[in-house]
Structures are given as C-alpha cells and as structure tokens.
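Student: Need coordinates for the following:
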Amino acid sequence: MELVINLVCVNWWSNYYVLIDKVFDPSCSTLKVYEEGAKNVALSALTGINATIFVYGQTSSGKTYAMRGITENAVTDLFEHIKNTQERAFVLKVSTLEIYNESVIDLLNRESGHLRLLDDPERGIIVEKLVEEVVKDINHLRHLIAFVKVILLFMPVICIHF
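Tutor: Take a look at the predicted model:
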C-alpha cells in the first residue's frame, strides 16, 4: 500500500519547515520509489539543474539498500537519455561526500580533510574544494560508484550525493 501525502512539518522551537511530498509504505519496491520519487530529480541533471538524491534515516533503516537500486536506475536512465539525444552534448560531473557529526568529507579525495560549507551568492550553498569528476561513459560512472562503495565499507555513516 502506498501512502501519498503532502505534509508540512513545523518545529515549534524554530522557524523552518520541511515539506514532504510522498511517503512510501515499507513494502514498496525500490523501483517504485525510484520511479515516483527520484527519477525526475535524476533526469533533471540533464537540463542543467544540479541534482541531489539525499537519503536520511536511522541506523539500519535501509538507506544503503535503497540507494543502490536508486543509483543503478538513475545511471541507466541518464545514459539511455543521452544515447537517445544525440543532437546535444552532455557533460556529467559526479561528486560524492559523507556528512557525519557536522563534518563533510570528500569521498573521491580522501586526503581533502574536513571541507567547509560556503554560501555562494550566485550558486547557493556549496562545499569548498569538493572534487567534481567528469564522467567519460557509463562504465566510468559505475567504476566511480564502486570505488566509493569500497571506501564506505570502512566508514561508519553513509550519505551518497551525485
């Protein structure tokens, strides 16, 4: 069963809110979560919009499992769209980072140390010195994803940004 809601969560102790577009039942497939919750975000990257699919939740709640399926579906759809749109040239860039206890670490450059978040007047919030790897083809992207997965095996908390 799928739960579809528009919900605004407001904290009484602060003046910000979070808009939740959709909540999926725990029995919902990863493919359905991708198709209805992440696909449009992933494909928006091909229109020049920076796209982030962010998974947040308690320990052992299925974040890593869900992101594996979402990532593979996104990679397939991105390159399928590029293949079918030969009249345009695309440049895909990938960054991966971990956020843990208010520290940001670049997973493509482990020697970067803790990175700073900066408020850029033109681009909004950016991560200073975050590596952006230009993707050559689908195999290169899959290699980068596999590289990050290996690194994450040795790190306690996971957040994948692409």
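
Student: going forward, measure contacts and count neighbours with C-alpha atoms only.
Tutor: Will do.

Student: what about the longest helix in this protein?
Tutor: Scanning the chain for the longest helix, with DSSP state H as the assignment, gives helix 63-84.

Student: Can you list the helices and strands that the helix or strand that comes right after that one packs against?
Tutor: Sequence order places strand 93-94 as the next helix or strand after helix 63-84, per DSSP states H and E. On a contact count with 3 or more Cα pairs under 8 Å, 6 or more residues apart in numbering; DSSP states H and E, strand 93-94 meets strand 133-134.

Student: right, and the helix or strand after the strand it packs on?
Tutor: As assigned by DSSP H and E, the chain's next helix or strand after strand 133-134 is helix 138-153.

Student: quick revisit: which parts of the longest helix of the chain are buried?
Tutor: Buried residues in helix 63-84, defined by neighbour count with 16 or more other Cα atoms under 10 Å: 63, 64, 66, 67, 70, 71, 73, 74, 75, 78.

Student: Then stretch 31-41?
Tutor: Neighbour counts over stretch 31-41 (16+ other Cα under 10 Å) mark 33, 34, 37, 38, 39, 41 as buried.

Student: Go through those residues and say which is closest to residue 127.
Tutor: residue 41 (20.1 Å; Cα to Cα).

Student: Filter the buried residues of stretch 31-41 down to the ones in helices?
Tutor: Using DSSP H, those in helices are 33, 39, 41.

Student: Look up the closest residue to the second one, ignoring the ones flanking it.
Tutor: Read that as residue 39. If the residues on either side of it in the chain are set aside, residue 39 comes closest to residue 74, at 6.6 Å by Cα to Cα, 6 or more residues apart in numbering.

Student: Now do residue 54 against residue 33, distance only.
Tutor: Going from residue 54 to residue 33 by Cα to Cα, to the nearest Å gives 13 Å.

Student: which residues do the two both contact?
Tutor: Common neighbours of residue 54 and residue 33, using Cα atoms under 8 Å, 6 or more residues apart in numbering, do not exist here.
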